[in-house]
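>>> Any chance you could fold what I've pasted below:
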Amino acid sequence: MPRLAIEDNSRMSLRIRAEEKATLMRAVALKHTDLTDFVIRHALQAAKAVIEEADVVLLSKRDSLRVLEVLENPPAPSARLRAAAKALPRRS
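Numbers count the residues shown, from 1 in each chain. As a prediction, the model looks like this:
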């Protein structure tokens, strides 16, 4: 998972081409808002969509049934898994 780079202040600066800024400014005028509010609102919507996409795993019906089958009837642990479990530090 990528590290989050969070600064102590609440300012964020970015470079943008003049044509892109003009497009944003036109949208801002049409929505009767300010640039900061517009950019934050839409950037947050996009960020939440990316996070949702990363957090949700969609499975086919076949794959869902396979996951349920393995959860209900797990395979016996292999020799490598047993060895790895024995190598773990003991909890007190």
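>>> tell me what the helix of greatest length in the chain is packed against?
Ranked by number of residues, the top helix in the chain under DSSP state H is helix 35-55. When contacts are defined as 3 or more Cβ pairs under 8 Å, 6 or more residues apart in numbering; DSSP states H and E, helix 35-55 packs onto helix 18-31. Where C-beta positions appear, they are placed from N, C-alpha and C, glycine not excepted.
>>> and the longest helix of the chain, which residues are buried?
Neighbour-count burial for helix 35-55, counted by 16 or more other Cβ atoms under 10 Å, picks out 38-39.
>>> Can I get it in PDB, CA atoms only?
C-alpha atoms of helix 35-55 as PDB (Å, rounded to 0.1, in the frame of the first residue of the first chain):
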ATOM      1  CA  LEU A  35     -12.500  27.200  -7.500                       C
ATOM      2  CA  THR A  36     -11.300  25.700  -4.200                       C
ATOM      3  CA  ASP A  37     -14.700  24.300  -3.300                       C
ATOM      4  CA  PHE A  38     -15.200  22.900  -6.900                       C
ATOM      5  CA  VAL A  39     -11.800  21.200  -7.000                       C
ATOM      6  CA  ILE A  40     -12.000  19.800  -3.500                       C
ATOM      7  CA  ARG A  41     -15.600  18.500  -4.000                       C
ATOM      8  CA  HIS A  42     -14.700  16.700  -7.300                       C
ATOM      9  CA  ALA A  43     -11.300  15.500  -6.200                       C
ATOM     10  CA  LEU A  44     -12.700  14.000  -3.100                       C
ATOM     11  CA  GLN A  45     -15.400  12.200  -5.100                       C
ATOM     12  CA  ALA A  46     -12.700  10.800  -7.400                       C
ATOM     13  CA  ALA A  47     -10.600   9.800  -4.500                       C
ATOM     14  CA  LYS A  48     -13.400   8.000  -2.700                       C
ATOM     15  CA  ALA A  49     -14.200   6.100  -5.900                       C
ATOM     16  CA  VAL A  50     -10.600   5.000  -6.200                       C
ATOM     17  CA  ILE A  51     -10.600   3.900  -2.600                       C
ATOM     18  CA  GLU A  52     -13.900   2.100  -3.000                       C
ATOM     19  CA  GLU A  53     -12.600   0.300  -6.100                       C
ATOM     20  CA  ALA A  54      -9.500  -0.800  -4.200                       C
ATOM     21  CA  ASP A  55     -11.400  -1.900  -1.100                       C
END
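>>> Fine by me, we can end here.
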